[in-house]
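I'd like to go over a predicted model; first the sequence, then the structure.
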Amino acid sequence: RKNKRDSHERAKLPPGSMGWPYIGETLQLYSQDPNVFFATKQRRYGDIFKTHILGCPCVMLASPEAARFVLVTQSHLFKPTYPKSKEKFIGPSALFFHQGDYHFRMRKLVQGPLSPDAIRNLVTDIEVLAVSALESWVGNKVINTFQEMKKISFEVGILAIFGRLESHYRKELKKNYSILEKGYNSFPTKIPGTPYKKALSARKRLSEILSTIIRERKEKRSIEKDLLGCLLNAKDDKGEVLTEGQIADNIIGVLFAAQDTTASVMTWILKYLHDDPKLLEAVKAEQKAIYMSNEEAHHPLTWTQTRNMPITYKVVLESLRMASIISFTFREAVTDVEYKGYLIPKGWKVMPLFRNIHHNPDFFSNPQKFDPSRFETAPKPYTFMPFGSGVHSCPGYDLAKLEMLIMTHHLVTKFSWEVVGSQSGIQYGPFPIPLQGLPARFWRESTS
Ligand code: HEM
């Protein structure tokens, strides 16, 4: 066998600059639009380049082949990596921190209740959530669209995890999760009263609430098909069940993965539709036809109807591409890896740059233009990865899309909205969202 180390020694590091020691290029990355940072690098060095951010040497990859290499074909050589604080707050047993057998097992458990077969039963409940949210926005008040969308995506997460959960549990979970969330990016400290310490206590309370819910389910001996039910019933080959800690970490992990992501994209959908009146008319026409066939919403939407919204569906896909709210992801090389003659040393971070791929004119012509019709033909493999790819790709993919379609249906059939303020821009929190969460006013359309 050819000596692997020798061949690695011949391979050279990718081109790029590492910036100042320790701080590296973090300042550049955070002091400007991160997309400009990546795009400038890509122009200068090509599809693979090295840099240094947040104290870590890293290799950035901006081609579909490289993303496939890291996420799919050689995924065993790259482990997921997150800041320590995320692990602490969400819980170390959440599936996305893991690789190998445990990840595989948890993933199978999480996928079931999020699959089309399971979520088709949630259509009506999601509709009820969407309608009551929209109704609450009506009036002469300015809504922070993103914050409101977060309430919906949280409730949909709760629905997928617990089914119809009693409202006092929902309230308690919501209250504590919102405190926890403020700690994700806060500064670690022992000082009481800080967002960090408050988040730690909220995390503890969340575990306690989950224990109570689990105890109640066990007493009732109810076997549910929601995510909690699947986690409670799971047994491995030795007949061992999951610990409460493992269950709690994964439930909080799913809430974390589901909330801001879906809410950001829904906010962008509102913005893109608002900015393109002709497109809005086309979406309205499609949705009004469904609305009329349901006798003006006297009958609930059906799963089949949600699968037959071709124009709206393309708007969803184009919003996912345009906004690319998960601009990139992080992995870490578990050993020295060679890719296209370049060395990726063990321990280095590796970042597939989804947004750059989604905005590359070689794959999406005129990439800055919002044009849903581009999805009339399927994108080339590994050029469209809003939900990632491979072993860690998003299991919430169908649920997120369902939620966005249902929301859009009710939004355009019964409501109008105007964006408040003329400032347009992007804010990072940490996902890109329209400035100030897209302040807007909503009113009910007259049906005459
Ligand atoms: C539009 C909304 C969403 C977007 C754009 C999105 C995107 C993604 C992406 C890109 C990944 C892969 C990250 C990586 O490879 O490092 C991911 C993973 C994940 N997502 Fe989503 N997601 C969305 C909604 C949801 C929802 C609604 C749920 C659950 C109800 C969910 C649950 C998860 C979980 C559990 C993982 C980790 C999977 C694993 O590590 O095996 N996501 N998501």
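Nice, I can see it. Numbers count the residues shown, from 1 in each chain.

where does residue 114 land on pLDDT?
On pLDDT, residue 114 comes in at 98.

I misspoke; the intended subject was residue 7.
56.

one more: residue 22?
53.

repeat for residue 142
If you check residue 142, the pLDDT there is 97.

go on, residue 171?
Looking at residue 171, the pLDDT reads 97.

which stretch of helix or strand covers it?
helix 167-183 (DSSP states H and E).

and that helix, what's buried?
169, 170, 172, 173, 176, 177, 179, 180, 181, 183 (16 or more other CB atoms under 10 Å). Backbone N, C-alpha and C define where each C-beta goes, glycine included.

try stretch 363-379
Judged by neighbour count using 16+ other CB under 10 Å, the buried positions of stretch 363-379 are 363, 364, 367, 370, 371, 372, 374, 375, 379.

residues from this protein in reach of the ligand?
Taking CB under 6 Å from any ligand atom as the contact definition, the chain meets the ligand at 95-96, 107, 110, 114, 157, 160, 253-254, 257-258, 261-262, 265, 325-326, 329, 386-388, 392-396, 399-400.

out of these, which sit inside helices?
Among the residues of the chain next to the ligand, DSSP state H puts 107, 110, 114, 157, 160, 253-254, 257-258, 261-262, 265, 399-400 in helices.

need those in TSV (columns: distance to residue 211).
Listed next are those as TSV, based on distance: CB to CB, whole Å:
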residue	distance to residue 211
107	24
110	20
114	23
157	19
160	20
253	17
254	17
257	22
258	22
261	27
262	27
265	33
399	26
400	29
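
from these, which would you call buried?
Among these, those scoring as buried are 107, 110, 114, 157, 160, 253-254, 257-258, 261-262, 265, 399-400 (criterion: 16+ other CB under 10 Å).

and the residues you listed, which two are furthest apart?
Farthest apart among those by CB to CB are 107 and 265. That separation is 22.5 Å.

and the ones in helices among the residues of the chain next to the ligand, which is closest to residue 145?
The nearest member of these to residue 145, counting by CB to CB, is residue 265 at 11.8 Å.

contacting residues for the closest one?
Neighbouring residues of residue 265 by CB atoms under 8 Å, 6 or more residues apart in numbering: 316, 319, 320, 323, 325, 400, 404.

got it, and residue 11?
Neighbour list for residue 11: 338, 341, 342, 343 [criterion: CB under 8 Å, 6+ apart].

quick check, pLDDT for the first one.
I take that to be residue 338. 96.

what separation do you get for the closest residue in space to it that isn't next to it in sequence and residue 79?
Spatial nearest neighbour of residue 338, excluding adjacent residues (CB to CB, 6 or more residues apart in numbering): residue 11 at 4.9 Å. Look at residue 11 and residue 79: by CB to CB, to the nearest Å, they are 21 Å apart.

what are the boundaries of the strands in the protein?
Using DSSP state E, the strands of the chain run over 48-53, 56-61, 78-80, 143-144, 331-333, 337-339, 342-344, 349-352, 415-419, 426-428, 432-434, 439-444.
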